[in-house]
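**Q** predicted model follows, preceded by the sequence.
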2 protein chains.
Amino acid sequence: MVSRRVALTAAGVGIAGVAGAAAVGAAMMDEDRSPAAASPGDAVPFYGEHQAGIVTPAQDRLHFAAFDVITKDRAKLVEMLREWTAAAARMTQGRDAGLLGAVGGQAEAPPDDTGEALGLPASGLTLTIGFGRSLFRDAAGVDRFGIADRMPAALEPLPHFPGDALRPEISDGDLCVQACANDPQVAVHAIRNLARIGFGVVSIRYSQLGFGRTSSTSREQATARNLMGFKDGTRNMKLEDTDLLREQLWARASDGADWMAGGSYLVTRRIRMTVETWDRTPLAEQEAIFGRDKGEGAPLGQAKEFDEPDFAAKGADGEPVIAKEAHIRLAHPDFNNGAHLLRRGYNFVDGSDGLGRLDAGLFFIAYQRDPRKQFVPVQRSLARADILNEYIRHVSSGLWACPPGVTGDGDHWGRALFA
Amino acid sequence: MVSRRVALTAAGVGIAGVAGAAAVGAAMMDEDRSPAAASPGDAVPFYGEHQAGIVTPAQDRLHFAAFDVITKDRAKLVEMLREWTAAAARMTQGRDAGLLGAVGGQAEAPPDDTGEALGLPASGLTLTIGFGRSLFRDAAGVDRFGIADRMPAALEPLPHFPGDALRPEISDGDLCVQACANDPQVAVHAIRNLARIGFGVVSIRYSQLGFGRTSSTSREQATARNLMGFKDGTRNMKLEDTDLLREQLWARASDGADWMAGGSYLVTRRIRMTVETWDRTPLAEQEAIFGRDKGEGAPLGQAKEFDEPDFAAKGADGEPVIAKEAHIRLAHPDFNNGAHLLRRGYNFVDGSDGLGRLDAGLFFIAYQRDPRKQFVPVQRSLARADILNEYIRHVSSGLWACPPGVTGDGDHWGRALFA
């Protein structure tokens, strides 16, 4: 049974003293005590050819974290990746990160799980790891962990795009973990426990919560809406597009880095939206900017969301029905050498900005086989001409090599890379 | 049927031009087009003797916002409160804040709803308004809107508590709205549309998202866990405690402010937790600090969560089983003149703090009949001695007079106050 058990027995508990408290008789049990909380059906398999959390039908909530590696010791880093893998395999199946209490039934050690997800089901949790360029070679070019020669060419730094307002402190990073789940408490719990396990080896560089997945990754899912109120991701690559995924999602050994075969490259961008300005824009202008109608999400001139846009059609006034600078046109594969992306971004609201505006927007997440041929040309096209730029600002950027899946108990995140 | 309709028809759409776009034929319809999205059962009634969102069984997600009133015009403020009430009555029933498009079917005006909740059900949304002391009288003592003589005595400023590290820019405010829902996109949508409607009259001072309700407000709900991993709110006042609610939750005309009869006073505190330090604390110490065991949530020395704590019991070493400074003891009504609170706080994680730590904690929300007799003495007791203080810091504080419910179509938020 897959269920996050309550692992503490209170039998014979008798606390003595307060600070530094003495040991108590709380016995640890690695078994279920709350079968009612079990939801075997909502666990996503952890092991497999590819990492979960990429084509997995997008869950509703996100906790994304980027980490700096703070040790110089390669062995410690690899050992932590091994521990992370074991904890991820447990947590994604609705179990604790480790035994709740101390080894051997003692209560004198900090718990091996922080406890806030006790009793909650797996909630579709997936944990997806990525390696940043700085893990291979730091800004000064130093080969930190003896893996510089294994850096994939596809990790070439993203170019500066017009309008970029990137904040270095919330960009890049050595490692990232994307936690997606249908319950934010479960996603938060997972990242927090990885950070706890990594104490002394890694430190959280930045983290981002998100909700309301804006890109469906399966034809079974309805297209959700971004905070501009439009359906987002109608043309997304989806898990049913097996030929396209093979061609444009999964890296191959022949791409240059053999350890990345079956992996994928991830681009993250925190895109702040000035929603207050947007909300004062006429409906017709909003629709012209996107190139879709707001209610149904159909390409302008068409009736239904999934109708093909007619980019050649002209209105009575002789102007294109879908404007030359419309988002839907600039981002379309037809105008980007056939490039597709698998997007699974999330809306965010991080309070307000001190100027009376919500700090809101889209945490953009896109997987692909090669960013140089996919994200970069598409974003170049958008950054140059998209009228949407008036209402958005890219403030954070990350580029990550996400290795293939972990295949079994002897395997762990980064094994092939560090082999 | 209560369902957020898709109000746009795309019939005959033909966009001409881009910026400033010409009118299109998008007709507005105030009817449902997506019956599949209807969930009549998940709407909480808006009208009633008391505001919803207080004893309503706590929903899973929070978007709380505090507003500054930026107009000096009393009539404009009252008119906005009237518009807010109408929009709240619609949105809580799963409808748009207003017609999606412009009046009369024109597309030349900004939409009356921002659109991101289109197709989503009511999701248990409640919107609860509160008035801050500064609405009645500003820091210089000026009677801004002619209501200074109606300020309830219970809005007496909270005292400074030992350890308070309050940041003024995320404290207090003229108005607050607590949006609770089972879908964060719905809660975010509601606050955003109120802010949009209030443009020129109010400005968002600060806002806070939360998840994983930490205090159940009904005996039908399991007690959820805070980010320290402990069950939180076991002893909360609950909607089934009708006698206690009458005595300790709802204000009466005889309390001094007649317009507050049937209302309640709200204290909000943003409590940052240093979870990384907590996570390195031994289990026995964590349990001694709370005075409960972590797994079951039982008072130390007892077996089950709802067992009564025995504060007199001593262990074999002669020390109290529940320490003198344990949280459960300091907060207990027996040691606070019988004071209860109705808490419905939420966990939060707002990214990280730039020092490698999660910016995480509890957004504390507590309703009561009189803070001077309830929150203040309890918090005094906790602030003075609670060992938990080593791991938490209060960084934001608000005190709000939440009026009674809106009783029908002629009524609106603040009507009795401004009458």
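**A** Cool, the structure landed. Numbering: from 1, shown residues only, chains lettered A, B, ... in the order given.
**Q** when you work out contacts or count neighbours from here on, use the C-alpha atoms and nothing else.
**A** OK.
**Q** run a quick neighbour tally on residue A:277.
**A** By other CA atoms under 10 Å in any protein chain shown, 12 other residues sit near residue A:277.
**Q** what's the helix or strand hosting it packed up against?
**A** Taking DSSP states H and E as the definition, residue A:277 sits inside helix A:275-278. Contact here means 3 or more CA pairs under 8 Å, 6 or more residues apart in numbering or on different chains; DSSP states H and E; on that basis helix A:275-278 packs against strand A:358-368.
**Q** the strand it packs on: partners in the sheet, and parallel or antiparallel?
**A** strand A:264-273 (antiparallel), strand A:342-343 (antiparallel), strand A:346-352 (antiparallel) (DSSP bridges).
**Q** what pLDDT, on average, does the second one get?
**A** The predicted model gives strand A:342-343 an average pLDDT of 96.
**Q** contacts for it?
**A** Contacts to strand A:342-343, defined as CA atoms under 8 Å, 6 or more residues apart in numbering or on different chains, come from residues A:54-55, A:215, A:217, A:233, A:236-238, A:249, A:364-368.
**Q** find the closest residue to chain B in the stretch 251-400 of chain A.
**A** Taking CA to the nearest CA, chain B has its nearest neighbour within the stretch 251-400 of chain A at residue A:282, 3.8 Å off.
**Q** in chain A, which ranges drop under the pLDDT threshold?
**A** Low-confidence regions of chain A, defined here as pLDDT under 70, cover residues A:1-41, A:99-106.
**Q** where do the helices sit along it?
**A** Remark: helices assigned in chain A by DSSP state H are A:74-91, A:133-136, A:184-197, A:242-248, A:275-278, A:283-290, A:327-330, A:375-385, A:415-418.
**Q** hey, C-alpha coordinates of the third one in CSV?
**A** Which is helix A:184-197. Extracted as CSV, the C-alpha positions of helix A:184-197 are listed here (Å, rounded to 0.1, in the frame of the first residue of the first chain):
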residue,chain,number,x,y,z
PRO,A,184,0.9,22.4,-2.6
GLN,A,185,1.6,21.1,0.9
VAL,A,186,3.0,17.9,-0.7
ALA,A,187,5.1,19.8,-3.3
VAL,A,188,6.5,22.2,-0.6
HIS,A,189,7.2,19.2,1.7
ALA,A,190,9.2,17.5,-1.0
ILE,A,191,11.5,20.5,-1.8
ARG,A,192,12.0,21.2,1.9
ASN,A,193,13.0,17.7,2.7
LEU,A,194,15.5,17.6,-0.2
ALA,A,195,16.9,20.9,1.1
ARG,A,196,17.1,19.3,4.6
ILE,A,197,18.9,16.2,3.3
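**Q** what distance do you get for the residue most central in space within chain A to residue A:395?
**A** The residue lying closest to the centre of chain A (CA atoms, centre = their mean) is residue A:178, at 3.7 Å. As judged by CA to CA, to the nearest Å, residue A:178 and residue A:395 stand 19 Å apart.
**Q** likewise residue A:125?
**A** Where residue A:395 is concerned, residue A:125 sits at a distance of 27 Å (CA to CA).
**Q** cool, and residue A:51?
**A** Plainly put, residue A:51 is 27 Å away from residue A:395 if you go by CA to CA.
**Q** cool, thanks, signing off.
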